[in-house]
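>>> Quick one, fold the following:
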Amino acid sequence: MTGKYLTFTLDTALYAAEINQVLEVLDYEPPQTLPCPDPVIAGIIWSRNRSISVINLHRKFGSTDRQPTKQSKIIVFELTDPVKKTVLYIGAVTDSVLEVLEIEDSQLEPPPETGRRTAADFITGIARKDNLFILILDFSKLFSPDDLTKIISLADNEKNTA
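Modelled structure (predicted):
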């Protein structure tokens, strides 16, 4: 079976997300900051008549922040909260968005054993393109229930003040 994946970069790493999780790709705009103690949450933006919580993937993955460039994008993901069964819209800041790739299931390898279960929880596989590894992320698993609760409460607070 063949899957379609949107590829993007963070630092020198190449990542991909299943295209069916992606709602849209936006040019980078600075998110409005919110009074939030979680440094992973960069703020909110407005798109398609709704506020969208934006996360900083550099911080989420424990790497150094980078200043946005002209190539920086915000990928908006449509996810379902598994507990509340509600739809969530979450934006993720990336250094660039490259292309949509078709990858055969047979080309995917399982995530490597790292001694830490954390990464393997949301990396569903690894593919290769031109001698580069592509880490396939499942954005529905990238956030813990606590993360989702923070994001939902921020979005709810923003709706109530709008």
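
>>> would you list every one of the strands in the protein?
Applying DSSP state E to the chain gives strands spanning 2-10, 13-18, 22-27, 41-47, 50-56, 73-80, 87-94, 96-104, 123-129, 132-137.

>>> what is the orientation angle of the fifth one with strand 41-47?
It stands for strand 50-56. Inter-element angle recorded for strand 50-56 and strand 41-47: 150 degrees (by axes from the mean of the first three to the mean of the last three CA atoms, to 10 degrees).

>>> Work out the sheet partners of strand 50-56 and label each with its direction, please.
If you go by DSSP bridges, strand 50-56 pairs up with strand 41-47 (antiparallel), strand 87-94 (parallel).

>>> Now do the contacts for the residue nearest to the spatial centre of the chain.
Residue closest to the average C-alpha location in the chain (CA atoms, centre = their mean): Ala92, at 4.4 Å. For Ala92, the contacting residues are Val54, Ile55, Leu57, Ile74, Ile75, Phe77, Phe139, by CB atoms under 8 Å, 6 or more residues apart in numbering. Heads up, the C-betas are built off the backbone N, CA and C, glycines and all.

>>> switch the cut-off to 7 Å
Neighbouring residues of Ala92 by CB atoms under 7 Å, 6 or more residues apart in numbering: Ile55, Leu57, Ile74, Ile75, Phe77.

>>> Equivalent analysis for Ala13, please.
For Ala13, the contact set (CB under 7 Å, 6+ apart) comprises Leu135.

>>> For stretch 92-109, give the mean pLDDT please.
Per-residue pLDDT values over stretch 92-109 give a mean of 94.

>>> just stretch 63-76 next, same as before
93.

>>> And stretch 139-158, by the same measure?
On average, stretch 139-158 scores 67.

>>> Relative to Trp46, how far out is Val97?
Between Val97 and Trp46 the computed distance is 20 Å (CB to CB, to the nearest Å).

>>> These two: which has the busier surroundings?
Higher neighbour count among Val97 and Trp46: Val97, with 19 against 13, using other CB atoms under 10 Å.

>>> Could you verify my assumption that Phe122 touches Asp138?
Yes. With contact defined as CB atoms under 7 Å, Phe122 counts as touching Asp138 (5.4 Å).

>>> who's more crowded, these two?
Phe122 (18 against 15).

>>> I'm done for today, thanks for sticking with me.
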